[in-house]
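# for reference, the sequence and a predicted model appear below.
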Amino acid sequence: MILPGATLGVLGGGQLGRMFTLAAKIMGYQVVVLDPDPHSPAGQLADIHLKADYRDAVALIRMGGLCDAVTTEFENVPAQSLETLAKHCLVAPSAAALAVAQDRLQEKTHARDSGCVTAPFANIESAADLAAAWRQIGAPALLKTRRLGYDGKGQARVDSEVDLTAAFKELGEVPCLLEGFLPLESEVSVVLARNAMDEIAFFPLAENRHRDGILDISIVPARIPEELAETARDMAAHLARELDYVGVMAVEFFVLKDGRIVFNEMAPRPHNSGHYTLDATACDQFQQQVRALCGLPLGDPRLLSPVVMVNLLGAVWRPQPRWDALLRHPGVQLHLYGKAEARPGRKMGHYNCLAPSVEEALALALETRAELGIGVD
Ligand code: AMP
């Protein structure tokens, strides 16, 4: 067990690293952040901010020497960097678990092998694989790059083999997956923590709505039947155990129109759809990340209040949202990430709307969003 007073490190200084830093500081740890950006959200709060590239061996060795344990806030950390760090301190999740999450083919294959239901998928390494993939999947389908896709980027809907060929070119002829396009009723996610003693704690499922491919709001508890929530938790737990995963991870699922639940993807870190836990559960996802990393018993993930999380993207800065109007509502809890420059799709912060029922929380979220000029679908 790594006890308070020790030093923890995080690779990446974005908002997830910032909220990890805050949780660790509250629990009495020192924090080292590695991020090249001198103004990074987490670097602003850390005890030590190493401003270097994630591949910088000198910075990694320094970090490994300073820290008792290191985790990461993003999945695309070079495996080599984690291996360098692992020679000096505990590192979790492992390079192997991150490698699975970095590649949609490995991710979906692992998920299927550990008992998750997935959309039908076919691997496309090169143009030579297009015809066979089309025969296997057919219309309608989605072509997704295997690596580096996020927030709906790196994917295209295809309805014919001609579309597929054009989309593959458009995406740069990089390795892709062709996936069956499923009839979605809703999208949900489960955030869980697992420690090295194989203890697992689940946060309540979130029902997620996206806009332009980016998470817009999360409604908690998700309005789906309990048996479906149970199936989602079981699938997520199997996947975590199969990867011998240590840390916090999120698993996204589709709920289909026929009532089935299907694995979509995993994130090997706390997740935007888990930000509601900062105000609405006994222990939040970042405290849980600290506990899992340090080999401590996991905290209580129980929901204390229905909640709706609203993301604040840069487009609302014109030049600043009306904070006075928002904070007039006592059920609103605001979280800003300390980013100086507001760009349209950039995640600047979020707020949680707490209310006695999920319907009231959703009404408060929609009302405040409209007041901020976020717009309603
Ligand atoms: P992803 O990057 O895989 O999470 O996909 C981004 C969004 O595209 C998801 O949140 C869904 O709304 C939609 N999507 C992805 N895969 C499928 C699929 N197989 N069928 C239908 N919609 C999908």
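Here it is on my side, so go on. Keep in mind the model is a prediction, meaning the values are calculated, not measured.
# what about residue 276, neighbour count?
Residue 276 has 32 neighbouring residues, counting by other CB atoms under 10 Å. For glycine as for every other residue, the C-beta is placed from the backbone atoms N, C-alpha and C.
# tell me the buried residues in the longest helix along the chain?
In terms of residue count, the longest helix belonging to the chain (DSSP state H) is helix 226-242. Residues 228, 229, 231, 232, 233, 235, 236, 237, 239, 240, 242 are the ones in helix 226-242 that count as buried (16 or more other CB atoms under 10 Å).
# in this structure, which spans are helices?
Ranges of helices within the chain are 15-26, 57-66, 79-86, 95-102, 104-113, 130-137, 161-170, 226-242, 277-280, 285-294, 323-327, 358-372, based on DSSP H.
# and residue 304, which of the ones you listed is closest to it?
Closest to residue 304 of the helices of the chain is helix 277-280 (CB to CB; 5.9 Å).
# buried stuff in the closest one?
Under 16+ other CB under 10 Å, the buried positions of helix 277-280 are 277, 278, 279, 280.
# contacting residues around the most centrally placed residue in the chain?
Nearest to the geometric centre of the chain sits residue 271, at 3.0 Å (CA atoms, centre = their mean). Counting by CB atoms under 8 Å, 6 or more residues apart in numbering, residue 271 makes contact with 189, 191, 250, 285.
# give me the phi and psi for it.
Taking degrees, to the nearest 10, you get phi -130, psi 150 for the backbone angles of residue 271.
# on that earlier part again, contacts for the longest helix of the chain?
For helix 226-242, the external contacting residues (CB under 8 Å, 6+ apart) are 110-111, 113-117, 188, 190, 192, 194, 198, 200, 202, 205, 222, 245, 249, 251, 253, 255, 259, 261, 263, 266.
# now do that helix: distance to the chain's middle.
Put simply, helix 226-242 sits 17 Å off its chain's centre (CA atoms, centre = their mean, to the nearest Å).
# got the residues of the stretch 251-377 of the chain near the ligand?
264, 265 (CB under 6 Å from any ligand atom).
# what about the strands in the stretch 251-377 of the chain?
For the stretch 251-377 of the chain, the strands defined by DSSP state E, counting those that start in this stretch occupy 261-267, 307-313, 332-336, 347-354.
# near the ligand at all, stretch 114-128?
Yes. Stretch 114-128 lies within reach of the ligand by CB under 6 Å from any ligand atom, at residue 119.
# contacts for that stretch next, please.
Under the contact criterion CB under 8 Å, 6+ apart, stretch 114-128 has outside partners 105, 108, 111-112, 129-130, 132-133, 136-137, 143, 146, 165, 168, 173, 175-182, 234-235, 238-239, 241-242, 254, 260-264.
# and if you look at stretch 79-96?
Residues from elsewhere that reach stretch 79-96, judged by CB under 8 Å, 6+ apart: 2, 9, 11, 54-55, 57, 60-61, 63-65, 67-72, 98-99, 196, 243-247, 249, 268, 292-293.
# from the ligand, how far out is residue 15?
Separation of residue 15 from the ligand (CB to the nearest ligand atom, to the nearest Å): 19 Å.
# what's the burial count for that residue?
The burial count for residue 15: 24, using other CB under 10 Å.
# got the contact list for it?
Applying CB under 8 Å, 6+ apart to residue 15 gives the contacts 41, 42, 337, 339, 347, 349.
# I'd say the fourth one and residue 346 touch.
When you say that, I think you mean residue 339. Yes. Between residue 339 and residue 346 there is a contact under CB atoms under 8 Å: 6.7 Å.
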